[in-house]
Structure formats: C-alpha cells, structure tokens
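[1] dropping the sequence and predicted coords here.
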Protein chains: 2
Amino acid sequence: MKAIGSFKGEPITDSDSLVDVEVPTPDLAEHDVLVEVKAVSVNPVDTKLRAGAPSQKEPLILGFDAVGIVVKTGSNTTKFSKGDRVWYSGTTKRPGSNEAYQAVDERLVAKAPRSLTDEAAAAMPLTSITAYELLFEKMGANFGQLANPGKTLLIVNGAGGVGSVLSQLAKWAGFTVIATASPANFDWLRANGVDQPIDYHDDLETQVQGLGHHFVDAAVILYDVPSYYDAVTKLVAPGGHIGAIVGTQAKLNMEQLKSKSLSLDWEYMFAKGDFDFRMETQGEALRQIAQLVDNNFVHTTLSRTIDSGLNAKNLREAHQVVEEGHVVGKVVVSGPFNGQVNE
Amino acid sequence: MKAIGSFKGEPITDSDSLVDVEVPTPDLAEHDVLVEVKAVSVNPVDTKLRAGAPSQKEPLILGFDAVGIVVKTGSNTTKFSKGDRVWYSGTTKRPGSNEAYQAVDERLVAKAPRSLTDEAAAAMPLTSITAYELLFEKMGANFGQLANPGKTLLIVNGAGGVGSVLSQLAKWAGFTVIATASPANFDWLRANGVDQPIDYHDDLETQVQGLGHHFVDAAVILYDVPSYYDAVTKLVAPGGHIGAIVGTQAKLNMEQLKSKSLSLDWEYMFAKGDFDFRMETQGEALRQIAQLVDNNFVHTTLSRTIDSGLNAKNLREAHQVVEEGHVVGKVVVSGPFNGQVNE
C-alpha cells in the first residue's frame, strides 16, 4: 500500500525529508481496527520526530491525527464495525496515519463527529485529547457544562493547537478564560471561547491583575515553561494547578510551588498508549469531544487544508507550515493516497 | 501573661534557646477567638524556625498545634462561644500556641474531638491538616469512607508525623496503603492503617513490585524528595500523582513527569493562612478530622507526653526529641503555664 515516510532526519526543504513509499498493509492485533485513512493533520510532534530521526532502512511513518473508515476489525474488537467513520490520534509506538491503511488499537478510537468534514475532524484528535486530559483528568476541573462556576483559567499561548481547543472546553465547563496571544490573533482567541485576551509581548502579571484577578485558580503553560514559570506561580491561587505539556531541561524552583501548595500537572497524550494503561479512556475522551462538537459547544480549529492528495509533496508543505511556527489553528492534508491501493 | 519564646537561634541544648517570658495578652482582630492553651505539640517547623531565627528584641513565640478553651471572641466571629474546647494549628504569621492565651482566626479552628484528652488531641492538627489537604485537596482522592476502591497509595516515610495520619486517612478512604519505615516500626505502621510495610533501607522499586504492584496510583514522598524521586516516578502509574511536603533546592527532572503525565502536588498547610485564601476550609478539614477521630476511624499519633507544665524547660526537651529525628509519632507538652496568668 502507499504511505509517506522518512529514512533519516532531513530539513523539510529537502525533497528527501518525506517521500512516497510502498509498504505492506499492516497485520491486525486482536484489539486493532484497520482504517482507510481519509485525512490527517500535522502536529509539532511530527516535525520533531521527523527532524530528529536516525538513518533507518524501513521508512518512519508519522501522523498522529486521522479520520478514516474502518475496513477490517481484529479478532477481539467490540467497539466498531466495517464502514464506521472514526477519528483518533494513535500512538508513537507504531506507524502513524500517513499511510493508506492504518492499524490502530480500538481503545484509542471513537466515531468521528457527524457534523464535521473529514478535514475539519482530522484537525482535532491530538490537541483535543491533550486539552481534555489536562483540564479534566490532570487539573481537577469538573467535567460538565458550566460545572466550574466562578473559576478562572489562564492559558499561556492560547492561539496554538492545544490552546485553541482548551479554551473552548474550559469555556463550556464554566471557566472565565484568559489567554495570551499576539493582538493579531485576539479575534481567534475570542472565537474559541477566550473571555479576556492579553498580549504575550507585555507583562503577564500586570495584565492579569489589571483585569481584576488577584489570583487565577489555574494556569496552563503551553509554550516554554521556564519563561513563564515565575509569573505563573505568582498568579495562581494557593492550592491551584499549573498545567504543562512542553518538556524542559531547566531547573524549576520547587519552593515557589511548595509555599503556595501548588500542583504541577504534566500532560502527554501518548502516555496511556506508551504504557498500555487505561487506553480505553482515550477513546472515551474522543467520544465525549465528538458529542461536544456535534452539539456545537466545540468547533474545529482547522485553519488550512491541502486537499489535493495524501502524498509526500503535500505533507512536506504541511510540515513546513507547522515548523515555521506562526500557524494559528491546524493544517490538514487530505485526498486519495496517490497510486493504486493494494489491500 | 506567660509565654515561651526565643530571642535568637540557639542550639536546643542551650538554656537560652527557649525561655519563659512575660508578654501582653493579645488583642483580638474581628475574626479572632482568644484561646486558653492547654496542650501543644512540637513539629519540625518549630525546630527549624527556632534554630534559624535572627536576633530580635521581642520574643519569637512558636507552637503550631494546640488544644484549649475559648475565653473571648472577636467582634465578627460566628463559629464559637466562650467555653468551647477547640483545636487548631494556626499560622506562622502570628505568635504561636506557646503562650497562655493565643489569638487565632476562627476560620482556622474547629471543636476538638470529644473522645481525646487535650494531649492526645494536641498531637494532631498540623499533621492531620497536611495529610487531609494533600490527599483530598491536592492529589484528587475522593473524600469518603472506602471512596477509592482498588486504588493504591505508596507513602515514603510512613512512621513520621504526617505519614502516621495520612496512612489512617487513606485506609479509611479505601486505598491499599504501602509505606516505608524501619522494620522496628512496622507494627506502628500497621496500627496506623498500612497494609504493606516495606523497609526503607532496601530498594523501593524491588519491594513494591515484589508485592505485586506493577504501578501504584499515587505516592507521597514525606522525606528528602530528590533521594526517592527517580524510584517514585517509575512506580507511579501514568496519569498519577506524587505528593510532597519537604522543599528541595535540587533540580528535579521534569521529563520523568511529562512522559507519564504525572502531577507533582506540593502541600504546605500554612499556605491558606499566609495568603488569607480559603482559610475557612482549614477549619472545615479539622471539623471532619474530629468526626473521624470520634468515630474511631482515626486515632491520635501521640507517642510521648510531658505533662508537668508548659514552660521553657519542658518545651526544650520536646524540641530536642523532635530535632533528634528518631521520634515515632508526636511529642506533646501540657499542664499549666508557670506563674500567674494575667488576663
């Protein structure tokens, strides 16, 4: 079958960085479904794994956001039937969604929202799962419409992929949402549920306190934790939570956390798959998110579609956009895999 | 009135390290009650603050665990009346309980358990509040009898002050409790609700996994966080919590937390008082703990009583026992303040 892969870490401007390849159709493990991939999106994890990959003989197949159709089910599956339209993120431990047919553990999968196109849906799984797990599983927010009245959430980097879903989920859950971005993206923030956009160029404490918040109940740092750590530990209320998703080698001062009884909540959406631990909760999260989408509480963060086919050239273009880092919302590639599909 | 104070940081073997002093009876702020102190206990925070104190003209009055009788109420109090027998920990921002009459914000106070003597009750507030806040407010455990079925908690340093209450609360809440101590203290651990005592001299991972736990759901490090951090991050399940109360200057590796979606929950029971934030929840925690005590779900961790009077000599003895660090359970000093009490 057709796939798009890498044989070594190359700059994305190099035409060898992602190439069209032919690989065997995957065998199914007992909990797997085989999905005919219709649309994928590109996340920062794709570009990092691609650029950092060692030389290898077998192609590295990335892609951690997909929408497609179930065409076959494993011997011990219960959730899906042939023809189901599904969405998922998957795991970095196996080949990703940049291939015509992908085997994925059904516990990580849910039916895709009926109200979204393949492209609009493919933009969502990884960022939505991250935002959902961070807010509701890690930071102790109540899961439910308006279930956190009077609570305030500060999002550092609100216009990025995760931020743009997190703000919507938090708004639905009843938080007052403050988020940083460039002023050019304030409309994007507001469209995604942010009540109070603030300028990331200016002092965080001054702006948040200027809005009348002596403390916020929780904050999420979605970019460069060390740069925002001091300000955020001052702004979060005693007993509060600080969420983070971007790893750091820097030394973080624990005394600032201890003196206010703060929690530092790390979220990495591949952890459940990596450790084969409570994987079914990830499918359940996607099921809940699909419902929120179909009920118009959460909308897609798709901002750019390349729909002229799933091939290396188009995927390189998407990687390049993500690497440049100025993208607001998500970039999706869709359309048929080039060439004939061998089942 | 009589009090016991320090004028500078001295070794506890020096008779000047804690001295009998005469100070004015405190004025009451609007939310304060005035408590005639009957019994106090000594915690590590007392010995640290005493030893590290700069020279000062006014005596530093420590003491953060007290049982006593309300003798006067502030202009805006609602919870207590004269004659109520209360317990509390208080705040490090004001003079502590090593004085004949202490002014304390009523929001930090609850009625003492009826089933305990003054001494047995005075052993409890600081450690119980710490354990309660850590488990139920920070680490996301459900508050309720057997409300966490199937969950496992690992306590590093289970025989200390906080550990000895935490294990009881966790057992009541339905956790399987594993805790480290010296084998000489295994009976103490078992008496405090620990299901599986393990030897702190031996390898943590080997022992916990040897007991059949591939992962524990949560762990609390009550001593020397850096020494146990690597082993604990390996043992805690993806998405789990690591609680800590002892600050550290060491660099902690965040990647170990991120790759498993772990939370690092810091607990410092003075944070609410320090920041005047949700102080009423601390009184409420003490009220709940008193109920658990009176219903025989939690018992005192008092292990030694010096009941020949609240004076500098007896308090120095108690400080010395705590400083030596081999104490299991709590040391309490009680009896009348020497000399005449001036109201």
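    Nice, I can see it. All values reported here derive from a predicted model rather than from experimental measurement.
[2] if we ignore the residues flanking it in sequence, what's nearest residue A:146?
    Taking Cβ to Cβ, 6 or more residues apart in numbering or on different chains, and ignoring the residues beside it in sequence, residue A:146 has residue A:174 as its nearest neighbour in space, at 3.9 Å. C-betas here are computed from N, CA, C, even on glycine.
[3] can I assume residue A:151 is in contact with residue A:171?
    No. At 11.4 Å, residue A:151 and residue A:171 do not qualify as touching, with contact defined as Cβ atoms under 8 Å.
[4] contacting residues around stretch A:141-149?
    The contact list for stretch A:141-149, computed with Cβ atoms under 8 Å, 6 or more residues apart in numbering or on different chains, reads A:135-136, A:151, A:170, A:172-175, A:218, A:288, A:297.
[5] follow-up on the earlier one: the residue nearest to residue A:146: what secondary structure?
    At residue A:174 the chain is in coil, as set by DSSP: H, G, I helix; E, B strand; the rest coil.
[6] next up, the contacts around residue A:258.
    For residue A:258, the residues meeting the contact criterion (Cβ under 8 Å, 6+ apart) are B:244-245, B:247, B:266-268.
[7] chain A next: which of those are close?
    Residues shared between those and the neighbourhood of chain A are B:244-245, B:247, B:266-268 [Cβ under 8 Å from any Cβ of the partner chain].
[8] OK, contacts around residue A:319?
    Contact partners of residue A:319, counting by Cβ under 8 Å, 6+ apart, are A:12, A:17-18, A:42, A:46-47, A:50.
[9] repeat that with 10 Å
    For residue A:319, the residues meeting the contact criterion (Cβ atoms under 10 Å, 6 or more residues apart in numbering or on different chains) are A:12, A:17-18, A:42, A:46-47, A:50-51, A:62, A:331, A:333.
[10] what's the answer for residue A:128, then?
    By Cβ under 10 Å, 6+ apart, the contact set of residue A:128 is A:65, A:87, A:89, A:161-162, A:164-166, A:168-169, A:269, A:285-286, A:288-290, A:292-293, A:298, A:300-301.
[11] inside helices: which ones of these?
    A:161-162, A:164-166, A:168-169, A:285-286, A:288-290, A:292-293 (DSSP state H).
[12] any idea how far residue B:274 is from the residue in the stretch 101-250 of chain A positioned nearest to chain B?
    Among residues of the stretch 101-250 of chain A, the one nearest chain B by Cβ to the nearest Cβ turns out to be residue A:238. It sits 4.3 Å away. Taking Cβ to Cβ, to the nearest Å as the criterion, residue A:238 is separated from residue B:274 by 8 Å.
[13] is residue A:146 in a helix, a strand, or coil?
    Look at residue A:146: counting by three-state DSSP, its state is coil.
[14] can you give me the neighbour number for it?
    11 (other Cβ atoms under 10 Å in any protein chain shown).
[15] report the residue spans of chain A with pLDDT below the cut-off.
    Flagging of chain A using pLDDT under 70 yields the residue ranges A:338-343.
[16] max-length strand in it?
    Within chain A, and with DSSP state E defining each element, the longest strand by residue count is strand A:32-42.
[17] okay, buried residues for the helix or strand following that one please.
    Past strand A:32-42, further along toward the C-terminus, the next helix or strand under DSSP states H and E is helix A:44-51. Of the residues in helix A:44-51, those scored as buried under the neighbour-count criterion (16 or more other Cβ atoms under 10 Å in any protein chain shown) are A:44-47, A:49-50.
[18] in the following helix or strand past helix A:44-51, what's buried?
    Past helix A:44-51, heading to the C-terminal end, the next element that is a helix or strand (DSSP H and E) is strand A:66-73. Applying a neighbour-count criterion of 16+ other Cβ under 10 Å, one finds A:66-70, A:72-73 buried in strand A:66-73.
[19] same question, stretch A:167-174
    So, applying 16+ other Cβ under 10 Å, buried residues of stretch A:167-174: A:167-174.
[20] again, but for stretch A:284-296
    Under 16+ other Cβ under 10 Å, the buried positions of stretch A:284-296 are A:285-286, A:288-290, A:292-293.
[21] can you list contacts of that stretch?
    When contacts are defined by Cβ under 10 Å, 6+ apart, stretch A:284-296 is touched by residues A:79, A:86-89, A:107-116, A:120-121, A:124-125, A:128-133, A:136-137, A:143, A:145, A:165, A:168-169, A:172, A:269, A:272, A:278, A:297-300.
[22] cutoff 7 Å now
    Identification of contacts with stretch A:284-296 by Cβ atoms under 7 Å, 6 or more residues apart in numbering or on different chains yields A:87-88, A:110-116, A:125, A:128-129, A:132-133, A:172, A:298-299.
[23] just the buried ones from those residues?
    Among the contacts of stretch A:284-296, those classed as buried by neighbour count (16+ other Cβ under 10 Å) are A:87-88, A:110-113, A:116, A:125, A:128-129, A:132-133, A:172, A:298-299.
[24] can you give me phi and psi for residue A:180?
    phi -90, psi 150 (degrees, to the nearest 10).
[25] so it makes contact with residue A:201?
    No. Shown here, residue A:180 and residue A:201 do not form a contact pair, counting by Cβ atoms under 7 Å, at 9.1 Å.
[26] more neighbours, these two?
    residue A:180 (27 against 8).
[27] near chain B, which residues of chain A? Just list them.
    Contact residues of chain A with respect to chain B, defined by Cβ under 7 Å from any Cβ of the partner chain, are listed as A:133, A:137-138, A:140, A:237-239, A:247-248, A:251-252, A:254-255, A:257-268, A:271-272, A:275, A:277.
[28] how many neighbouring residues does residue A:267 have?
    Other residues within reach of residue A:267, judged by other Cβ under 10 Å, total 26.
[29] close enough to count as contact, it and residue A:243?
    Yes. Checked against Cβ under 7 Å, the pair residue A:267 and residue A:243 is within contact range at 6.3 Å.
[30] what do the two both touch?
    Taking Cβ under 7 Å, 6+ apart as the contact criterion, the common neighbours of residue A:267 and residue A:243 are A:134, A:138.
[31] element containing the closest residue to residue A:270 other than its chain neighbours, please.
    Closest residue to residue A:270 in three dimensions, ignoring its sequence neighbours and counting by Cβ to Cβ, 6+ apart: residue A:92, at 5.3 Å. For residue A:92, there is no host helix or strand (DSSP H and E).
[32] which of residue A:238 and residue B:274 has more neighbours?
    Neighbour tally, residue A:238 and residue B:274, criterion other Cβ under 10 Å: the higher count belongs to residue A:238, 19 against 16.
[33] residues touching the residue in chain A sticking out farthest from the centre, list them.
    Among the C-alpha atoms of chain A, the one most distant from their mean position (Cα atoms, centre = their mean) is that of residue A:259, at 32.4 Å. With contacts defined as Cβ under 7 Å, 6+ apart, the neighbours of residue A:259 are B:268, B:271.
[34] what segments of the stretch 201-343 of chain A are strands?
    Listed in chain order, the strands found in the stretch 201-343 of chain A under DSSP state E, counting those that start in this stretch are A:216-221, A:236-244, A:263-266, A:302-306, A:330-334.
[35] contact partners for the nearest residue to residue A:273 once chain neighbours are set aside?
    With Cβ to Cβ, 6+ apart as the measure, residue A:91 is the residue that lies nearest to residue A:273, at 3.5 Å, once sequence neighbours are left out. Listed by Cβ under 7 Å, 6+ apart, the contact partners of residue A:91 are A:108, A:270, A:273-274.
[36] measure the residue most central in space within chain A to residue A:302 for me?
    Among the residues of chain A, residue A:127 comes closest to the average C-alpha position under Cα atoms, centre = their mean, at 1.9 Å. From residue A:127 across to residue A:302, the span is 11 Å (Cβ to Cβ).
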